[in-house]
Each structure stands twice: as structure tokens, then as C-alpha cells.
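# return a 3D structure for these sequence lines:
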Amino acid sequence: MQPATNSILAALAARYERSRAARTGQSARDFLIDYELLLREAGCATDEARVCAERDLEDAQNLLTIERHPRTHIPLTIRFSPANEERLFRHLRLVSPAEKRKDFAALFCEAAGFPVQERWRARWVAFCEQLEAAAGAGESVTPFSRDNPADAREILLLLPRLLAWENESLLRFASSRLCGDSKRLESLRARLETCLTRLTDGIICSLEDLGILENERAVILHGPLRLCFPTGSLDLGLLSAPSRIDRRDLRKASLETPAVRCLTVENLAVLHELAKTNSATILASSGSEGGFAHSAIIEFLQKLPERVTCWHCGDTDPKGFDILRHLRERTGRTIHSLAMEFDGSQTGPPLTETDRKTIARLLDSPLLVESEKAQLTAMQAAGHKGVFEQEARPLPGVMGPTTPKTAQNPRASSLPPDNASRRNTSAGSSFKGPKRRTKKPRRKIVGQ
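Next up, the predicted model:
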């Protein structure tokens, strides 16, 4: 079969386009490729196809150089100068890498002018300008792809609309409204969340943070707690395992409990382990759905009687401390931290730029106490997260009538006993809520 015209030159252009010289437009050296390798890649290594390919290469010596063995004159290498890039691609009627870089950079320049909520405006412009500079220089523009500018444009159009999303909706419904396709948002999700994290400096890291959910919000509960409905009640204290309570049911119920403590646990697996102790403490988690401090867990904590002391045990990376801050901010309650100390006994994952920004923000936050900030400072100095996952650290002790002693777990921190649960203890760090004004007793006047 007769090979396509200039198939060998098209193979050269394709191989060159993957090179650093083509990607960045900056190279002090010519592009070199083995002669036989190029023929094989073009499918022209033998028979008539090879004859045609070699003729095309000879005819194109105004664009390239065939380097030969000095004695046998056997072709060894094809040398191509980046200076001839535009001529080669124009000859093949292809868009050159330089034009692609220029067009791709222009896409981000255009996006900087898209309408965005005022609170995100400065961050959005900076985000687009950084990507424009990177695209023009041929640097990384992750999660965007130069080979798929249509997807890049779609993502850039979606991001301002996501930042303006105000309703709490399921993923497919939001996808239909935003994309006209119920499954499109899911397929773009990873790239959108990467952009949101970078754009907002970690304030928004997921679609769930915007209220776009895979499932309706729920809270996982265990312990001495009764949910009272107009038509009956549900006693969770009779159940041996944690139960998932939908937010809609939680809103309909009033809560009754003899417990004086509630412990929120970031990771569901740890909550299940703590539930085995059958303690007198209410255990609560949001599981793996929608980030920890979502609306269901917030509403649950707000519904608890004021006499119940709240504690939180979570991962000890920057995100874990940010969850603690978020809980305090959104519930308005005093929430103590439990067993949340930086453990640098093993080198953990290195801190990313986003992690460092989160630490800086937390160190300035009035919602963390000094002992918690000290943990973040130690982490910052170490440059890594240490042993930060709850599952990898000793379980915190949960005091209660049937809780086994924690002597076998000497490093674990424990909740205080019932009569100490409302005052500061060494079991964890305490964040004090706003002071309440108390009425002074009237002084009895002699003679009254």
C-alpha cells in the first residue's frame, strides 16, 4: 500500500512536539532522533514505504539534516533545528507548538475577565495570570492539558459558577444545572477540586465544601442518646454498633441524653473501635461523606443540651486542625481537642505549599488555643506531618462505666471522668467560648 505523503515528516513533527524544545520554545540545542527509529515510528522501515520515506527526507533537507557515518555514509541521525519549527508545521499544514502555546495562554488571559464573585475576584485574576504565564512558557499547567483546550475552557467556565453555588444539592442535580449533563461534573471532579484548592488557598477543597453532595448529609452516632419524634422515639443506647442518622430525621427530633460528654471523631474506623468500649460518652462522626465539618454534624452539635461538654479527636495534620477550627466557628460551642499532638517520631509526608498556608492561617486564628498552635509550630519546624492519621496513633481513652482501663495504651489521652468534664484538664487542649455574664446574688441588708 502506498504510504501517506510526508508520513515520515509527520512522524518527525510528532516526535519533536513531545520534546522540551517544542513544549517550552527554549532550547540551545538541535533536536536529534535516530534515523532507523524514526522510520519505524512512521511505519516506513521496510519495502516501498522505506524508499518513499527516504526520498521525502532527502527532499526536505532545507528543513533538516541527515547525519551519516563518515566512511560508509549510512544514515545515522536526523538533526532538526527548532528554528525551522514554523516552516515544518506549515509545510504539513499543522498548528505549530509555538502557536499552541500562544493560543493556550490566551485562553487563561480571557478567563481572567470572566465574572466572579467579588470575594474571589483578586484570587481568580491571580490564578488565571499564573496559568497564563506558565502556559506561555511551556511549564506545567496541571490539571489542564494543552492537548485538550476544549476541556480547559469548560473547566474555566465552570469554576466561577461553582464558587457562586449556594444551594445544597446532590451531585447529579447540580451537574445537570451547571453542565447540562448529569454525569459531567463527576468526570471533571478531580480537576475541578484541584483548581478550587489552589484558587482558594485550601479554603475550598472539594465539591462537598460548596454543598454539592454525592449523598444526603448524615451523622454517625453511638452511645446513650435518645431521638424523640412526635410519633415515637429511637434509643441509640440499645444498639451495639454506630448508626447513620439522616440530617432530615435529625432536624425532626429533639435529643435526650444522660451523658455529660460528646466526642466527635474524624475517622469513622476509629469511631467503630471506640464504640466497642460501650462507654457513657456520645460518639459522633460524619464518616467519609462530604468532609467532616458538614451541616449534619454541625446541626447535631448545636442541638445537644448545653450541659454536654464537647470534645474532638482528629488527624493531626494541618487539615485536621482546620477541621477543629471549623467546628468551633460553625457551632459556636466550646470544643476541647483530645489526643491531637504532633508526633514526629517518624517522618511523615512532607508539608505542601497548601499545608504551609493552612498552618499560617491557623496560627493567626483566635479559634485555636496556644497549646494547639504549639503543635502546628512543631510540625512547621519539622517540615513534615509525622504520624498524623488517627488509625496509626493510639486510641484516645473514652471514660465511662464499662470502659476498660487504658494502661495497655500508655500514650493515649483520655477524656476526664464525669465530675471533671466541664473544667479544663490535662487530657486535651481547651478552647473557651465567650464568657457568660452571671447575676450576682443580692446582698441582704440588715433590718429588712
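# and the strands in the stretch 101-250 of the chain, which stretches?
Per DSSP state E, counting those that start in this stretch, the stretch 101-250 of the chain carries strands over the ranges 169-170, 212-213, 218-222, 226-229, 232-235, 243-246.
# among those, which is nearest Ala28?
The minimum distance between Ala28 and the strands of the stretch 101-250 of the chain falls on strand 212-213, with 48.2 Å, by CB to CB. Glycine gets a C-beta too; all of them are placed from N, C-alpha and C.
# show me the contact partners of the closest one.
The set of residues external to strand 212-213 that reach it, using CB atoms under 8 Å, 6 or more residues apart in numbering, is 162, 165, 168-171, 174, 185, 207, 289-290.
# these: which two are farthest apart?
Within those, Leu162 and Glu289 form the most distant pair, 19.1 Å apart (CB to CB).
# any chance of the strands of the stretch 101-250 of the chain in CSV, with mean neighbour count, mean pLDDT and distance to Gly113 too?
Formatted as CSV, these follow (neighbours: other CB atoms under 10 Å; pLDDT from 0 to 100; distance: least, CB to CB, whole Å):
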stretch, mean neighbour count, mean pLDDT, distance to Gly113
strand 169-170, 15, 86, 28
strand 212-213, 22, 85, 25
strand 218-222, 24, 92, 41
strand 226-229, 16, 96, 51
strand 232-235, 11, 94, 54
strand 243-246, 16, 91, 43
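# mind checking the longest helix of the chain?
helix 118-136 (DSSP state H).
# what does that one rub up against?
101-102, 104-109, 111-112, 114, 116, 139-141, 144, 146, 156, 159-160, 163, 195, 198-201.
# one more pass at 10 Å, please.
Contact with helix 118-136 is made by 24-25, 100-117, 139-142, 144, 146, 149, 152, 156, 159-160, 163-164, 195, 198-201, 203-204, as judged by CB atoms under 10 Å, 6 or more residues apart in numbering.
# could you identify the buried members of these?
25, 100-101, 104-105, 107-108, 111-112, 116, 141, 144, 146, 149, 152, 156, 159-160, 163, 195, 198-200, 204 (16 or more other CB atoms under 10 Å).
# okay, domains of this structure per the record?
Annotated domains of the chain cover 7-94, 98-213, 218-429 [automatic domain parsing].
# ok, back up a step: which ones among the contacts of helix 118-136 lie within helices?
Members of those lying in helices (criterion: DSSP H): 24, 100-111, 149, 152, 156, 159-160, 163, 195, 198-199.
# all helices of the stretch 251-400 of the chain, in order?
For the stretch 251-400 of the chain, the helices defined by DSSP state H, counting those that start in this stretch occupy 268-275, 295-303, 318-331, 353-363, 370-382.
# what's the shortest one in contact with?
This means helix 268-275. Contacts for helix 268-275 (CB under 10 Å, 6+ apart): 220-223, 239-242, 244, 263-265, 267, 281, 283-289, 313-315, 389-391, 393, 395-398, 403.
# shaky segments in the chain?
Within the chain, the stretches with pLDDT under 70 are 1-6, 215, 287-292, 398-448.
# quick check, central residue of it?
Cys205 (4.5 Å; CA atoms, centre = their mean).
# nearest residue to that one other than its sequence neighbours?
Among residues not flanking Cys205 along the chain, Thr197 sits closest, at 4.7 Å (CB to CB, 6 or more residues apart in numbering).
# right, and the one you found touches Leu159 too?
No: if you go by CB atoms under 10 Å, Thr197 and Leu159 don't touch, sitting 11.6 Å apart.
# restrict stretch 237-248 to CA atoms and write it as PDB.
Included here for stretch 237-248 are C-alpha records, laid out as PDB according to Å, rounded to 0.1, in the frame of the first residue of the first chain:
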ATOM      1  CA  GLY A 237     -28.100   3.400  73.600                       C
ATOM      2  CA  LEU A 238     -29.800   0.000  72.900                       C
ATOM      3  CA  LEU A 239     -27.700  -0.500  69.800                       C
ATOM      4  CA  SER A 240     -24.300  -2.200  69.800                       C
ATOM      5  CA  ALA A 241     -22.900  -0.500  66.700                       C
ATOM      6  CA  PRO A 242     -22.900   3.100  65.400                       C
ATOM      7  CA  SER A 243     -25.900   4.200  63.500                       C
ATOM      8  CA  ARG A 244     -26.300   6.500  60.500                       C
ATOM      9  CA  ILE A 245     -28.900   9.200  61.200                       C
ATOM     10  CA  ASP A 246     -30.000  11.300  58.200                       C
ATOM     11  CA  ARG A 247     -30.000  15.000  58.700                       C
ATOM     12  CA  ARG A 248     -33.600  15.300  57.800                       C
END
